[in-house]
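Asks: okay, sequence plus prediction incoming.
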Amino acid sequence: MTVRQLPETIDFDLDAYERPAEEVIPDYKVKLGGKVVTMTNPDDIDWKDLLDITDPVAFLRHSVSAEDRAHILGLNLEGWRFGKLMDGYYAHFHIEERMEKARQAERLRQR
């Protein structure tokens, strides 16, 4: 007796999915200590690495190149300047708006 293998049911093929061009935000570039530093879009950081981000150094480890990270860590940078850097990063990538949408979706899901 021959048993025929049926294909798995697939609801979504993530391997074939491409992010729509209108959702792509270019990297954030900022002049800092006389050098242009490039900060990665958080959408492009591996999700497992995002779980590791618990402090500013961990954030820099995943959002800038090793060269840019060494440059930033070598600066005497006042807290308010680092705060402005983070404010700009959050604004550039619309992080606050995205987090609020996620919170709203979660509230709706729990109803």
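Replies: Ah, there it is.
Asks: can you give me the pLDDT of residue 95?
Replies: For residue 95, the pLDDT comes out at 87.
Asks: grab the nearest non-local neighbour of it.
Replies: Spatial nearest neighbour of residue 95, excluding adjacent residues (Cβ to Cβ, 6 or more residues apart in numbering): residue 42 at 6.9 Å. For the C-beta atoms, the positions are set from N, CA and C on the backbone; glycine is no exception.
Asks: can you get me a residue count around that neighbour?
Replies: Neighbour count for residue 42, taken as other Cβ atoms under 10 Å: 19.
Asks: tell me, how many residues neighbour the spatially closest residue to residue 40 that is not a sequence neighbour?
Replies: Distances taken as Cβ to Cβ, 6+ apart put residue 63 closest to residue 40, at 5.0 Å, once the chain neighbours are dropped. When neighbours are counted by other Cβ under 10 Å, residue 63 registers 22.
Asks: and what of residue 108?
Replies: The number of residues near residue 108, taken as other Cβ under 10 Å, comes to 8.
Asks: let me know the helix or strand that it is in.
Replies: helix 95-110 (DSSP states H and E).
Asks: isn't residue 90 up against residue 96?
Replies: Yes: under the criterion of Cβ atoms under 8 Å, residue 90 makes contact with residue 96 at 5.8 Å.
Asks: helices of the chain, residue ranges please.
Replies: 47-52, 56-63, 66-73, 79-92, 95-110 (DSSP state H).
Asks: highest average neighbour count across those helices?
Replies: helix 56-63 (a mean of 16; mean count of other Cβ atoms under 10 Å).
Asks: do you know how far the residue most central in space within the chain is from residue 28?
Replies: The centroid of the chain falls nearest to residue 42 when counting by Cα atoms, centre = their mean (1.0 Å). Separation of residue 42 from residue 28 (Cβ to Cβ, to the nearest Å) stands at 10 Å.
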